[in-house]
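*Asks:* just the structure for this:
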Amino acid sequence: EALSLDARSKSKDSGQERLNWANPASTFPLIMRAINIDTFFFDIVSGLVISVGGLTESVTKHSSKYLLDYLRALQKLGSTRTIVKLGHALIRLFDNHAKEARVILPLLTTLDKLLSRGCLDFLLQEPKLDFPQQLLTRLHKEASYCNDMKRLMAIVPVTIGMLHAKDTELAH
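*Replies:* Numbers count the residues shown, from 1 in each chain. Reported below is the predicted structural model:
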């Protein structure tokens, strides 16, 4: 499937406007069209996590909207395989950037938004998946020996958001 992501539009002299890549309202819809391409999936998820986590209000607003819309569409279509792939990407971000506040804080913010809106319920409730244990392990690792109050305070709502996981092992 070909993507029409061509930013080389004609000049204003021809009556067409150029794409403003600095405008989140214009760029996020284009970026989301490429998320289902395996080669780009992790990098797009990484960028979305940083964007949802709060660079600017406009970027946060648009990236959140498009990520949530994408996940709702996956849920509606029953695309559990892609939701699982997203869960793996989130865990991979923890592993790749452990103790790096510039990535972990936006990741925690994104997880909180996704958990509070039920977007990760499948990952938490499917007994065959170990996502809840993996996430809890990463949260524990981030909290251990951490003296960054912002990071510690961001871990709390994510941990609370996991409480409705149907895995009794998490309680131990």
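
*Asks:* show me the shaky parts of this protein.
*Replies:* Residues of the chain that meet the criterion pLDDT under 70 lie in 1-17, 165-172.

*Asks:* now do the SS call for residue 99.
*Replies:* Following DSSP: H, G, I helix; E, B strand; the rest coil, we place residue 99 in the coil state.

*Asks:* what about the helices in the protein?
*Replies:* 24-32, 38-52, 57-77, 80-96, 101-116, 121-125, 131-143, 149-161 (DSSP state H).

*Asks:* ok, residue 57 to residue 158 distance?
*Replies:* Distance of residue 57 to residue 158, computed by C-beta to C-beta, to the nearest Å: 22 Å. From N, CA and C alone the C-beta is placed, and that goes for glycine too.

*Asks:* more neighbours: the two, which one.
*Replies:* residue 158 (23 against 9; other C-beta atoms under 10 Å).

*Asks:* what about the residue lying closest to the more buried one once chain neighbours are set aside, neighbour count?
*Replies:* Once flanking residues are discounted, residue 158 sits nearest to residue 111: 4.8 Å by C-beta to C-beta, 6 or more residues apart in numbering. The number of residues packed around residue 111, counting by other C-beta under 10 Å, is 28.

*Asks:* next up, the contacts around the most centrally placed residue in the chain.
*Replies:* Centrality entry for the chain: nearest residue to the mean C-alpha point is residue 49, 4.2 Å, by C-alpha atoms, centre = their mean. Contacts for residue 49 (C-beta atoms under 8 Å, 6 or more residues apart in numbering) come out as 90, 93, 103, 106-107, 110.

*Asks:* nearest to residue 144 among the residues you listed?
*Replies:* residue 107 (16.6 Å; C-beta to C-beta).

*Asks:* residue 115 contacts residue 159, correct?
*Replies:* No. Residue 115 is beyond contact range of residue 159, at 9.6 Å (criterion: C-beta atoms under 8 Å).

*Asks:* those two: who's more crowded?
*Replies:* Comparing residue 115 with residue 159 by other C-beta under 10 Å, the one with more neighbours is residue 115, at 23 against 18.

*Asks:* ok, residue 111 to residue 105 distance?
*Replies:* Counting by C-beta to C-beta, the gap from residue 111 to residue 105 is 11 Å.

*Asks:* please apply the same query to residue 126.
*Replies:* In terms of C-beta to C-beta, residue 126 sits 28 Å off from residue 105.

*Asks:* now residue 91
*Replies:* 17 Å.

*Asks:* quick one, which of those two is more surrounded?
*Replies:* Between residue 91 and residue 105, counting by other C-beta under 10 Å, residue 105 is the more crowded of the two (20 against 17).
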